[in-house]
Each structure stands twice: as C-alpha cells, then as structure tokens.
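Colleague: Quick one, what's the 3D model for this:
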Amino acid sequence: MKVRAAAVGLSLILQSYFATEAAMANPTYQLLQFEELEGWAEDDHQAAFDVFLSTCGDMRDPAWEAICAVAGQGHEARGFFERFFTPVLIEDGKDALFTGYFEPELRGSLNRGGPYQYPLYRQPDDVSSPWLTRQEIEETGALSGKGLEIAWIDDPVDVFFLQVQGSGRVKLDTGGGIRVGYGGANGHEYSSIGLELVRRGIYESHQVSADVIRNWVRNNGQEGLQLLWANDSFVFFREVNEVPAHMGPLGAMNRSVTTMRTVAIDPSYIPYGAPVWIEMQGANPLNRLMVAQDTGSAIRGSQRADIFFGTGDEAGRAAGRIKDGGRMVVLMPIQSAYALLPDVIE
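Modeller: Numbers count the residues shown, from 1 in each chain. Next comes the predicted model:
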C-alpha cells in the first residue's frame, strides 16, 4: 500500500485532530516544508522559543506534552522547531486577515469626580447569557449604585476601546496605577463599529481605522456615543495587579502575552500554545514566528489573526494601521500532522 501523493504540499479535506464542533466544515490542510516559509531562516527563533516555553507546560494534548517534556533540554531553537514540527497551512475558504491589538493606557481615578465620569465595571453576580445589551445597560443605569466600579475614566471612547481590547492599564490621578483584564461579558456578539460607519455611508471600508472611529465619535457628541450602541457586546473587568509591570497583559492562557511574538487566533482551528508562522503583507510586511496565546470575539476563522503590538499609545497607533492579508501556518507535532494522511491510503 502507499499513500496517495503523500509528498509535502498535499492538500487534504479532513477533520483536524484539534478542531472543535465550532470549527467551519471541511477546512483544508496542506503540509509544507520549512523552506517554503518566506523568511524562515532570517527570524529570531530563540525569541519565539522563549515565548513558546512560557506556555508550553499548560498544553494537555499528549502529542504536545511529549514535545514540551523535551523542550527545555538545551535545544538550539531553530533546530528544535524543525526537528519536532511540521508546518501546516489550514484554510477554510476565507481570505487571511491580520489585525493588531495592544494594551491601552487610560487616565482614571478610584473616585468619581471632575473629568472621571465613565466607570469600568466588575461583572455582577446575576448576569445571565445573554444579558442586557450595551444600550440597555447604559440607558437604564443597570450597573449603577451596586459598588461594581473598579475605576472611573475620563473618556467614554477610551472605555469602549478598552472593552474591545480586553485588558489595559489605568494611570491614577493620585499617582501609580492599576491593571485590568477581561472579567466576563454580557453574552452578546461583538459587532464592528467600523462596519457600521461603512453601512451608514459615512466612510468607505478602506478609510476606517481605530483613529477614524475615535475621532468620529468624539466629534459627533451624543450621536457619536450612540454609534457605540451598534455593538451589543459589553465587557466587564477585573483587577490583575499580580502581573509585574514589565510584563504584558494576561492572554487566553492566563499567561502574559509578549509584544510582537503573541498572536490571537481562533482556537477552533489552532490550539492555544502552538507556534504559528506569520507571513503578513501590506505596507509593512512581516515574516515572523509567533505563539498562539490569545483569542478575541472578532477572531474567527483559520486564517484570522490578531498580533499583539505592546502597551500604550504608540503600540495602539501601530496596531490600528494593520489590516492586511497574507497567510498563517501552524507548526504541528510531526505525528499529529501526518495523522491527517491515513484516510487517503489505498
């Protein structure tokens, strides 16, 4: 017996060993060689290896556990990836889309007063799923007066974008600061405010960016604030001050994410902790090995990825400029990658 066209480059329509029921039907899997990854030889593999090690021990699939058991045994980084992994291109019929995210820094106070009028809320105990929409929460004051306020912020647009990002830092008016992370949500799907501006005919799709949205909301008073109601999703927060100041915010693996080495993915297709090779096109092309350590409500699909750009305004501006195509290739344990082949043995 032989494997039909078992050479590298074979496309297969099979169920992934790690896909869940949430994944799209019939994704395709193409096994590649490392030489086919553009810029592979030029990357800093050690930087990616260090990030991989930070969450490797949290992976529970036996194939990954076996690799993680030997990962810390003094391997040269590039050789480690090439020895134990096979690159796999997973496609679901949708074009690749890369965006960027960051950890915002907001101005706030622990007490309401002056410009600090916009609260960050903890999740109440009685939240069901789905719960009230964003508009219902804000119009009815459903969270007010319950002692759920973590801090008060000076800009409602910053509060909205903090909910989109999921975590951030608050510089307090008294000095010092606190960090907040995702603490739950109201159970409604995320809707893009940028797409709403396009739907209303205010902008063309290529004109929309985070800065454009911010400016439009701020320049249009109550109408601007009501635009945010187009997104029914509402995010609650929790304090995460146990994370050292020099480290990134916590991602979906409850570990700190790393600037330009952590990528948010759809876990229906890619397991948390997997190395992921990024080939991003656009004005600032990027070929880099990253690690799938986070996700987001807008990250759906096998070729959808959100790159972590770091903390603060500069990182935010850089992240906001990213809306590019390309491709994303997952590094899978060799035995798991080739486990896709038996169904085509004849």
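Colleague: buried ones in stretch 121-135?
Modeller: Across stretch 121-135, burial judged by 16 or more other CB atoms under 10 Å covers 121-123, 127, 131-134. (C-beta placed from N, C-alpha, C; glycine too.)
Colleague: least confident pick among those residues?
Modeller: Across these, the bottom pLDDT score, 88, is held by residue 127.
Colleague: Tell me the spacing between that residue and residue 222.
Modeller: As defined by CB to CB, to the nearest Å, residue 127 lies at a distance of 27 Å from residue 222.
Colleague: just the helices in this structure please.
Modeller: Taking DSSP state H as the criterion, the chain contains helices spanning 45-56, 62-71, 77-84, 134-140, 156-165, 193-199, 210-219, 221-227, 313-320, 334-338.
Colleague: Let me see the mean pLDDT of the first one.
Modeller: On average, the pLDDT along helix 45-56 is 97.
Colleague: So which bits of it are buried?
Modeller: 45, 47-49, 51-52, 54-56.
Colleague: number of nearby residues for residue 220?
Modeller: Residues within reach of residue 220, counting by other CB atoms under 10 Å, total 13.
Colleague: Check the contact between residue 309 and residue 261; I expect there is one.
Modeller: No: Residue 309 is not in contact with residue 261 according to CB atoms under 8 Å; the separation is 10.9 Å.
Colleague: ok, the buried residues of helix 45-56 vs residue 233, which is closest?
Modeller: residue 55 (26.4 Å; CB to CB).
Colleague: Just list whatever residues bridge to the residue sitting nearest the centre point of the chain.
Modeller: With distances taken as CA atoms, centre = their mean, the residue of the chain nearest its centroid is residue 264 (2.8 Å). Taking DSSP bridges, one obtains residue 294, residue 306 as the residues bridged to residue 264.
Colleague: residue contacts, it?
Modeller: 101, 251-252, 292-296, 299, 305-308 (CB atoms under 8 Å, 6 or more residues apart in numbering).
Colleague: switch the cut-off to 6 Å
Modeller: 294-296, 299, 306 (CB atoms under 6 Å, 6 or more residues apart in numbering).
Colleague: cool, residue 183 as well?
Modeller: Per CB under 6 Å, 6+ apart, neighbours of residue 183: 123, 236-238.
Colleague: neighbour-wise, which of these leads?
Modeller: residue 237 (27 neighbours).
Colleague: Excluding chain neighbours, what is closest to residue 277?
Modeller: residue 329 (4.3 Å; CB to CB, 6 or more residues apart in numbering).
Colleague: who's in contact with the one you found?
Modeller: Per CB under 6 Å, 6+ apart, neighbours of residue 329: 87, 89, 277.
Colleague: in the sheet, who's paired with the last one?
Modeller: Okay, so that is residue 277. Bridge pairing for residue 277 - DSSP bridges - gives residue 289, residue 329.
Colleague: just checking, it touches residue 39?
Modeller: No: if you go by CB atoms under 6 Å, residue 277 and residue 39 don't touch, sitting 9.1 Å apart.
Colleague: Which of the two has more residues huddled nearby?
Modeller: Set residue 277 next to residue 39 and count neighbours by other CB under 10 Å: residue 277 wins out with 27 against 14.
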